[in-house]
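A.B. asks: Need a 3D model of the sequence below.
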Amino acid sequence: MSTLYEKIIDVLQQKGPTSLSTIYNELNSFLGEEDTPISMSSIKSVLSRKKDLFEVYDDLVSIHPDKEITKLIVEYKVNQEHSFSIHIDFDLRNYLIQEWSQFPIVIPPVFNKMEPEEYDILKMDLYRLKIWNWEDELLGIDSVKCTVRLVTVNSTYTVDLANLQSKEWRQLQKIVALFTDLELLLK
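C.D. replies: Predicted coordinates:
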């Protein structure tokens, strides 16, 4: 079950910047007969509470350019001799996995086929994670295990993670695992 703000994001991802009345009509067009209609005041309330995510100009609503996700890059250092990165492009709906090793790679990475709608689901998961609010972990340069870059229309948010037991890393693992067999890459 999606929250109202997630439903608004979904409409904006499908339609681009659009009017309040279009959002209202779209949200109510998906309701069943027993569902309570969504009021315009509820939509306006969400937009005013989530000012960091939504931009409203006159009657036009859009995702704030600093938060409109275009790419996700996760770089992971297994050890001094082995690392990999995954680059996910949400505009082109494709991804690339790169692996570096000082030794011959015995088992090549597994690439999972991603359907176009899965990119939208993943993007929604990233909005929920709010990577732009994550803090760098206090660490030395040698202890960086994972670097996350979230690229938006106007900004790039970079976070270094060292604790692979952290909630943030576990959330990222779920995302990376959609694209490849993470266990093979971490060996």
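A.B. asks: When you work out contacts or count neighbours from here on, use the C-alpha atoms and nothing else.
C.D. replies: Fine.
A.B. asks: Sketch out the helices for the protein, chain order is fine.
C.D. replies: Using DSSP state H, the helices of the chain run over residues 4-15, 20-29, 40-49, 116-129, 167-177, 182-185.
A.B. asks: could I get these as TSV with mean pLDDT, distance to residue 102 and mean neighbour count?
C.D. replies: Below are those laid out as TSV (pLDDT from 0 to 100; distance: least, Cα to Cα, whole Å; neighbours: other Cα atoms under 10 Å):
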stretch	mean pLDDT	distance to residue 102	mean neighbour count
helix 4-15	92	42	17
helix 20-29	94	52	16
helix 40-49	95	50	14
helix 116-129	87	32	15
helix 167-177	79	23	14
helix 182-185	61	14	14
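A.B. asks: Can I get those helices in CSV including distance to residue 151?
C.D. replies: Formatted as CSV, the helices of the chain follow (distance: least, Cα to Cα, whole Å):
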stretch, distance to residue 151
helix 4-15, 16
helix 20-29, 26
helix 40-49, 23
helix 116-129, 11
helix 167-177, 15
helix 182-185, 22
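A.B. asks: Looking at these, spot the one closest to residue 73.
C.D. replies: Among the helices of the chain, the nearest to residue 73 by Cα to Cα is helix 167-177 (10.0 Å).
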